[in-house]
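[1] sequence and predicted structure below; questions after.
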Amino acid sequence: MFDLLPDRLPWFIGGPILGLLIVGMFVIANQPLGASGAYVQTSRLVRGWPDVARWRVWYFAGMFLGGLLVTQVLRSGDDVRSGYDAMRAVFPLWAVVPMVFAGATILGYGAATAGGCTSGHGMCGTAQRSPASVAVTATFMATAIAVTFVLRVLTGGAL
(Lines give C-alpha, C1' and ligand atoms only; values in the text may rest on other atoms or scores of the structure.)
Protein backbone atom coordinates (compact mmCIF):
# COMPACT_ATOMS: atom_id res chain seq x y z
CA MET A 1 0.00 0.00 0.00
CA PHE A 2 1.05 3.58 -0.42
CA ASP A 3 0.60 6.50 1.93
CA LEU A 4 -2.64 8.27 0.99
CA LEU A 5 -2.81 10.66 3.91
CA PRO A 6 -0.30 12.99 5.56
CA ASP A 7 0.54 12.57 9.24
CA ARG A 8 -1.76 15.44 10.17
CA LEU A 9 -4.43 17.39 8.35
CA PRO A 10 -3.46 21.09 8.35
CA TRP A 11 -5.49 23.21 10.76
CA PHE A 12 -6.59 25.56 7.99
CA ILE A 13 -8.31 22.64 6.24
CA GLY A 14 -9.62 20.67 9.23
CA GLY A 15 -10.92 23.69 11.15
CA PRO A 16 -13.24 25.00 8.42
CA ILE A 17 -14.44 21.46 7.66
CA LEU A 18 -15.36 20.94 11.34
CA GLY A 19 -17.03 24.35 11.42
CA LEU A 20 -19.12 23.51 8.36
CA LEU A 21 -20.09 20.14 9.88
CA ILE A 22 -21.18 21.79 13.12
CA VAL A 23 -23.21 24.48 11.36
CA GLY A 24 -24.64 21.87 8.97
CA MET A 25 -25.82 19.70 11.86
CA PHE A 26 -27.60 22.66 13.42
CA VAL A 27 -29.21 23.59 10.08
CA ILE A 28 -30.27 20.03 9.19
CA ALA A 29 -31.06 18.44 12.58
CA ASN A 30 -30.92 21.34 15.09
CA GLN A 31 -28.60 19.19 17.21
CA PRO A 32 -24.97 19.47 18.26
CA LEU A 33 -22.29 17.15 16.92
CA GLY A 34 -20.47 15.58 19.89
CA ALA A 35 -18.65 12.32 20.51
CA SER A 36 -20.05 11.61 23.97
CA GLY A 37 -23.62 12.04 22.70
CA ALA A 38 -22.91 9.43 20.05
CA TYR A 39 -21.50 7.08 22.70
CA VAL A 40 -24.53 7.59 24.98
CA GLN A 41 -26.99 6.92 22.15
CA THR A 42 -25.09 3.79 21.10
CA SER A 43 -25.11 2.45 24.66
CA ARG A 44 -28.87 3.16 24.87
CA LEU A 45 -29.44 1.21 21.66
CA VAL A 46 -27.39 -1.73 22.98
CA ARG A 47 -29.40 -1.73 26.22
CA GLY A 48 -32.71 -1.62 24.29
CA TRP A 49 -33.84 1.81 25.46
CA PRO A 50 -36.54 3.58 23.44
CA ASP A 51 -36.09 6.92 21.68
CA VAL A 52 -32.56 6.40 20.42
CA ALA A 53 -31.17 8.95 17.96
CA ARG A 54 -30.02 6.40 15.40
CA TRP A 55 -27.96 8.88 13.40
CA ARG A 56 -25.73 9.29 16.45
CA VAL A 57 -25.23 5.51 16.56
CA TRP A 58 -24.07 5.63 12.93
CA TYR A 59 -21.84 8.58 13.80
CA PHE A 60 -20.28 6.54 16.63
CA ALA A 61 -19.75 3.54 14.33
CA GLY A 62 -18.28 5.84 11.68
CA MET A 63 -15.76 7.30 14.14
CA PHE A 64 -14.58 3.83 15.08
CA LEU A 65 -14.59 2.37 11.57
CA GLY A 66 -13.05 5.51 10.06
CA GLY A 67 -10.20 5.40 12.53
CA LEU A 68 -9.67 1.72 11.85
CA LEU A 69 -9.76 2.30 8.09
CA VAL A 70 -7.23 5.12 8.20
CA THR A 71 -4.80 3.42 10.59
CA GLN A 72 -4.93 -0.08 9.11
CA VAL A 73 -5.80 0.25 5.43
CA LEU A 74 -4.81 3.67 4.12
CA ARG A 75 -1.52 3.98 6.02
CA SER A 76 1.39 2.05 4.60
CA GLY A 77 3.79 0.00 6.69
CA ASP A 78 3.47 -2.63 9.32
CA ASP A 79 3.74 -0.36 12.35
CA VAL A 80 0.63 0.00 14.45
CA ARG A 81 0.54 3.31 16.26
CA SER A 82 -1.15 3.52 19.61
CA GLY A 83 -1.18 7.31 19.79
CA TYR A 84 0.91 7.18 22.95
CA ASP A 85 4.35 6.90 21.38
CA ALA A 86 5.62 10.08 23.07
CA MET A 87 4.61 8.72 26.47
CA ARG A 88 6.10 5.32 25.67
CA ALA A 89 9.40 6.99 24.81
CA VAL A 90 9.56 8.43 28.34
CA PHE A 91 7.68 5.93 30.51
CA PRO A 92 7.61 2.12 30.48
CA LEU A 93 4.44 0.33 29.34
CA TRP A 94 3.57 -0.70 32.90
CA ALA A 95 3.32 3.01 33.79
CA VAL A 96 1.60 4.19 30.58
CA VAL A 97 -1.34 1.75 30.83
CA PRO A 98 -2.57 2.93 34.25
CA MET A 99 -1.98 6.58 33.30
CA VAL A 100 -4.11 6.21 30.17
CA PHE A 101 -6.77 4.26 32.09
CA ALA A 102 -6.89 6.91 34.84
CA GLY A 103 -7.05 9.71 32.27
CA ALA A 104 -9.87 8.01 30.36
CA THR A 105 -11.81 7.40 33.58
CA ILE A 106 -11.44 11.02 34.66
CA LEU A 107 -12.41 12.18 31.16
CA GLY A 108 -15.54 10.00 31.18
CA TYR A 109 -16.51 11.21 34.65
CA GLY A 110 -15.97 14.81 33.57
CA ALA A 111 -18.04 14.35 30.40
CA ALA A 112 -20.88 12.84 32.41
CA THR A 113 -20.70 15.57 35.06
CA ALA A 114 -20.41 18.41 32.54
CA GLY A 115 -23.23 17.08 30.35
CA GLY A 116 -21.00 16.54 27.33
CA CYS A 117 -17.47 15.99 26.13
CA THR A 118 -14.72 18.45 25.33
CA SER A 119 -15.53 18.47 21.63
CA GLY A 120 -19.23 18.98 22.28
CA HIS A 121 -18.72 21.89 24.67
CA GLY A 122 -15.69 23.39 22.96
CA MET A 123 -16.98 23.39 19.41
CA CYS A 124 -20.75 23.14 19.58
CA GLY A 125 -21.57 24.69 22.96
CA THR A 126 -19.39 27.75 22.47
CA ALA A 127 -20.79 28.15 18.95
CA GLN A 128 -24.23 28.34 20.59
CA ARG A 129 -22.86 30.93 23.05
CA SER A 130 -23.70 28.69 26.00
CA PRO A 131 -22.26 30.19 29.21
CA ALA A 132 -21.89 26.69 30.70
CA SER A 133 -19.93 25.50 27.66
CA VAL A 134 -17.67 28.54 27.76
CA ALA A 135 -16.94 27.87 31.47
CA VAL A 136 -16.35 24.15 30.87
CA THR A 137 -14.10 24.85 27.86
CA ALA A 138 -12.07 27.42 29.82
CA THR A 139 -11.71 24.90 32.67
CA PHE A 140 -10.50 21.99 30.56
CA MET A 141 -8.16 24.21 28.53
CA ALA A 142 -6.61 25.64 31.71
CA THR A 143 -6.29 22.13 33.14
CA ALA A 144 -4.66 20.84 29.94
CA ILE A 145 -2.15 23.70 29.98
CA ALA A 146 -1.34 23.06 33.66
CA VAL A 147 -0.95 19.30 33.16
CA THR A 148 1.27 19.87 30.11
CA PHE A 149 3.45 22.23 32.13
CA VAL A 150 3.76 19.72 34.98
CA LEU A 151 4.62 16.89 32.56
CA ARG A 152 7.28 19.02 30.89
CA VAL A 153 8.86 19.81 34.24
CA LEU A 154 8.67 16.21 35.51
CA THR A 155 10.09 14.70 32.31
CA GLY A 156 12.71 17.37 31.68
CA GLY A 157 10.97 18.50 28.49
CA ALA A 158 10.64 15.02 26.97
CA LEU A 159 6.86 15.31 26.95
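    That came through fine. Being a predicted model, the structure only gives us computed values, none of them experimental.

[2] residue contacts, Arg56?
    Neighbouring residues of Arg56 by CB atoms under 8 Å, 6 or more residues apart in numbering: Gly37, Ala38, Val40, Gln41, Thr42. Where you see a C-beta, it was placed from the backbone N, CA and C, and this is true even at glycine.

[3] next one: Ala29
    By CB under 8 Å, 6+ apart, the neighbours of Ala29 are Trp55.

[4] pLDDT weak spots in this protein?
    1-7, 74-82 (pLDDT under 70).

[5] between the contacts of Arg56, which is closest to Thr126?
    Gly37 (15.9 Å; CB to CB).

[6] how about the secondary structure of the closest residue to that closest one other than its chain neighbours?
    In this structure, Gly37 finds its nearest non-sequential neighbour in Arg56, 5.7 Å apart by CB to CB, 6 or more residues apart in numbering. Classification of Arg56 by DSSP: H, G, I helix; E, B strand; the rest coil places it in helix.

[7] break the chain into its domains for me.
    1-81, 83-159 (automatic domain parsing).

[8] could you measure from the residue nearest to Gly37 over to His121?
    Per CB to CB, to the nearest Å, Arg56 is found 17 Å from His121.

[9] show residues contacting stretch 139-154.
    Gly110, Thr118, His121, Gly122, Leu159.

[10] run through the helices of the chain in chain order.
    Along the chain, counting by DSSP state H, helices occupy 11-29, 35-46, 54-69, 85-90, 93-114, 118-119, 126-127, 131-154.
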